[in-house]
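Colleague: predicted model follows, preceded by the sequence.
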Amino acid sequence: MPKQINGQKKGSVIPNDLSDSFEEVKAFLSDEDTLHLFDDLTKVNPVTTTTVLKCLQARYAGNVFYTNAGCSLVTVNPFQPISSLYSPELMKEYHAALRPQELKPHVFAVAEQTYRNVQSQIEPVNQSIIVSGESGAGKTWTSRCLMKFYATVAASTTSPKGNEMVERIERRVLDSNPVMEAFGNACTLRNNNSSRFGKYIQLQLNRSQHLTSASIQTFLLEKTRVAYQAPCERNFHIFYQITKGATKKERAEWKLHKGANFFWLPNPEKDLEEDCFGVTRDAMFHLGIDCSTQNNIFKVLAGLLHLGNIQFSSSIDESQPCEPEDDAKGFVKTTADLLKMSAEELLETLRIRTITAGKQQQVFKKPCSRSDCETRRDCLAKVIYAKLFDWLVSVINESIYADSSTWGNFIGLLDVYGFESFPENNLEQLCINYANEKLQQHFVAHYLKAQQEEYAAEGLEWSFINYQDNQSCLDLIEGSPVSIFSLLNEECRLNRSSNVSLFQTRIEKTLSDNECISRDKFSKKPNFIISHYAGKVCYQVEGMVEKNKDPIPPELIQLLQTSQDSLLQTLFPRTEESQNHVKTQNRAAIVTVVSKFKGSLERLMQILNSTTPHYIRCIKPNADCKAMTFKKEEVLCQLEACGIVETITISAAGFPIRLSFQSFTERYEVLRKSRTSNKNTGRADENGLSPAKKKKALLDIAAAILLFLLPFAHFSVGVFFQRNKWDCDAM
Ligand SMILES: Nc1ncnc2c1ncn2[C@@H]1O[C@H](COP(=O)(O)OP(=O)(O)OP(=O)(O)O)[C@@H](O)[C@H]1O
């Protein structure tokens, strides 16, 4: 079902009139005045994918990376540091401006507007900024910029609790970034510093608009990365930081000898700026994690690296447990030493499954196959890492949170993974794309729908834009009584993970009425296709149910509870409750991955729904993360995926003056001609214009365009004031 965008069929075909090469555009369109005529894409006329794309390209070529698009800010990643773009002076300029939105589009303009809205007392007072985009588009960078902005403008003048020794809240909030990134980010094929989790941070302000407290909520950490890294990718940064940054003494203590090889530490030769152990340690210290706790954490992580080197050989006799390979025996001992547990118990837990069955709860022991041993080893690493990550988040939260009586309002920043579609997609992509569907629904409800209803209520002449309503897609994924999520949960409950084809048939039979589901009939692997608002994604059924169960053998938890290590004791306490939990886990209703994810997303949506939203759409201009390279095909896909053209079209109705895109291209042509005939000479061009006079001529053209538009503007201003009557009355 191709989506319609302004009458064009969606399909990422580059329109013919976008033939200019990047170099050409860059060479000819460096004229600031022209570029800033189109600071807001709602002024482009007509609004089509072509005109929007061309504007963004021209602005990018002219080093303009931010563009307004109605209620959204579009950012195109420059992939190179541009210091003047984020200087403290510029921050001050936006903060002090009478109307920050009238300055050049910038993330600081959004930040400042949001900050003022909190003061305004117009409901909803609380604000949220939703930063979206695909991997490497610049979401984390943008979130960091926003946090720096608030840490500067909302800094309190007094020291915390009158105590100079306690780090200021702003500092602690900023320090949460390097820690979260060290433990939650990794180098992937698409981004050297890719966040492998979603993050929502709430910056809480008191009556004087000072930052007094903050809280962080994370979503869906990609814990499988601890034990599996795709070719050319890396594990989480922290593993490289400890192996590269440890002192000689620490190396000896953590058994990380120079030149040692670890299976779970691929591509260590790749040196990244993210491999900065010192920065992580300092930040942890500022957040209240003392040196001895830090050492404890790094020792456990070193233990995981050794755990990954334990390889098993297949047992000839199935009734006998698999033996670790010869050189792996040493790794069993080192892992056990570092995790402070018995090497024998570790080995036994990895190799032998305990089954409790029957009314008498009889206990049976069964040797595991080689692949089962490896699965249990990986599971042990994943469960430790995931618990450690959650614990770190809670420690950070304790460090930045203050009692709710000390703050009144908040600004929430959401940095979540963008829409994903790979050659092979599974449960992770289903969850990520489901989150994006939810956010798109939020955007549609809060902006597109609301705006159009407002126009209709005011009797404004307006042709309705048919935006993609993604409700049926959401019904398919999570709706009731049956959906993909409910079917997945049922498979888990009935413990039916092995018959993949049967599950596929069940999906088809039960959900075939929904227009968003189909199947790739040519693929040999069982699959289903979902038509998401951003495009179709084919999901593999194989392994999905097992991933949803995310089973942790109870023996692994019991083993961890025997550890003498104080950190592991904190992460896996031996309380009576946990003992009972381990015993009853097999019988209890399983809390599946999708149920947990759905629950946390629903809580997040409730918070977002109670705030005034702002959207920042990050665009990745090329897949290779190259500086100043704008690939039209790639940008086009992203523009279509976030429905930017619909947004602009709807927003444009609310703006009185719109410049013809023609004027933009005319100016471009004049510049091009004059540059061609006059390259590097400074002589008068064919129009008789010297370079000095040329600028004036261009400004004259701009003035002429504006004069031409004045009568329309006059009329539109009337409409504008009528539309904004409430605002005018309030002034
Ligand atoms: N405004 C900017 N100026 C300069 N470089 C930038 C900017 N934004 C992003 N970058 C560069 O792009 C890289 C990728 O950005 P970032 O990590 O923020 O992407 P992301 O959207 O968060 O990706 P992921 O979803 O994989 O976490 C950064 O490491 C940085 O090098």
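Modeller: That came through fine.
Colleague: and what about whichever residue of the stretch 501-650 of the chain sits closest to the ligand, helix, strand or coil?
Modeller: Ranking the residues of the stretch 501-650 of the chain by distance to the ligand (Cβ to the nearest ligand atom) places Cys618 first, at 5.6 Å. C-beta: built from backbone N, CA, C; applies to glycine. What DSSP: H, G, I helix; E, B strand; the rest coil gives for Cys618 is strand.
Colleague: can you pull the contacts of the residue lying closest to it once chain neighbours are set aside?
Modeller: Nearest residue to Cys618 in three dimensions, chain neighbours excluded: Gly133, at 3.1 Å (Cβ to Cβ, 6 or more residues apart in numbering). Neighbour list for Gly133: 139, 418, 617-620, 638, 642 [criterion: Cβ atoms under 8 Å, 6 or more residues apart in numbering].
Colleague: which among those end up buried?
Modeller: 139, 418, 617-620, 638, 642 (16 or more other Cβ atoms under 10 Å).
Colleague: sorry, back to before: please report how far the residue nearest to Cys618 lies from the ligand.
Modeller: Between Gly133 and the ligand the distance is 5 Å, computed by Cβ to the nearest ligand atom, to the nearest Å.
Colleague: could you report the pLDDT at that residue?
Modeller: At Gly133, the predicted lDDT confidence score is 92.
Colleague: ok, the one 3 residues further on next?
Modeller: The predicted structure scores Gly136 at 95 on the pLDDT scale.
Colleague: that one touches Ser195, doesn't it?
Modeller: No - applying Cβ atoms under 8 Å as the test, Gly136 and Ser195 come out as separate, 10.4 Å apart.
Colleague: low-scoring stretches of the stretch 451-600 of the chain, by residue?
Modeller: Confidence mapping of the stretch 451-600 of the chain against pLDDT under 70 gives the ranges 452, 460-468, 497, 576-589.
Colleague: mind listing the residues bridging to the residue of the stretch 501-650 of the chain closest to the ligand?
Modeller: Counting by DSSP bridges, Cys618 is bridged to Thr75.
Colleague: if I look at it, how far off is Phe419?
Modeller: Distance check for Cys618 against Phe419: by Cβ to Cβ, to the nearest Å, it reads 12 Å.
Colleague: mind checking the SS state of Ile396?
Modeller: helix.
Colleague: contacts only, for the nearest residue to it once chain neighbours are set aside.
Modeller: Nearest-residue entry for Ile396: Ser176, 4.9 Å, with adjacent residues in sequence omitted and distances by Cβ to Cβ, 6+ apart. By Cβ under 8 Å, 6+ apart, Ser176 lies in contact with 201, 214, 216, 283, 287, 396, 400.
Colleague: wait, the first one touches Ser213, no?
Modeller: Translated: Ile201. No - Ile201 lies out of contact with Ser213 (Cβ under 8 Å); the separation is 11.4 Å.
Colleague: which one of those two is surrounded by more residues?
Modeller: Per other Cβ atoms under 10 Å, whichever of Ile201 and Ser213 has more neighbours is Ile201, with 23 against 20.
Colleague: which secondary structure element of the chain has the lowest mean pLDDT?
Modeller: strand 4-5 (a mean of 26; mean pLDDT, DSSP states H and E).
Colleague: bridged to Phe236, which residues?
Modeller: In this entry, Phe236 is beta-bridged to Ala186, by DSSP bridges.
Colleague: gap between Phe597 and Val416?
Modeller: Distance from Phe597 to Val416, by Cβ to Cβ: 12 Å.
Colleague: Lys223 and Cys379 touch, don't they?
Modeller: No - checked against Cβ under 8 Å, the pair Lys223 and Cys379 is beyond contact range at 9.9 Å.
Colleague: and the two? which has more neighbours close in?
Modeller: Lys223 (21 against 18).
Colleague: residue contacts, the more buried one?
Modeller: Taking Cβ under 8 Å, 6+ apart, we find Lys223 in contact with 382, 385-386, 389.
Colleague: turn those into JSON lines, columns for secondary structure, distance to Leu560 and pLDDT.
Modeller: Shown next, in JSON lines, are the contacts of Lys223 (DSSP: H, G, I helix; E, B strand; the rest coil; distance: Cβ to Cβ, whole Å; pLDDT from 0 to 100):
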{"residue": "Lys382", "secondary structure": "helix", "distance to Leu560": "12", "pLDDT": "98"}
{"residue": "Tyr385", "secondary structure": "helix", "distance to Leu560": "12", "pLDDT": "98"}
{"residue": "Ala386", "secondary structure": "helix", "distance to Leu560": "12", "pLDDT": "98"}
{"residue": "Phe389", "secondary structure": "helix", "distance to Leu560": "15", "pLDDT": "98"}
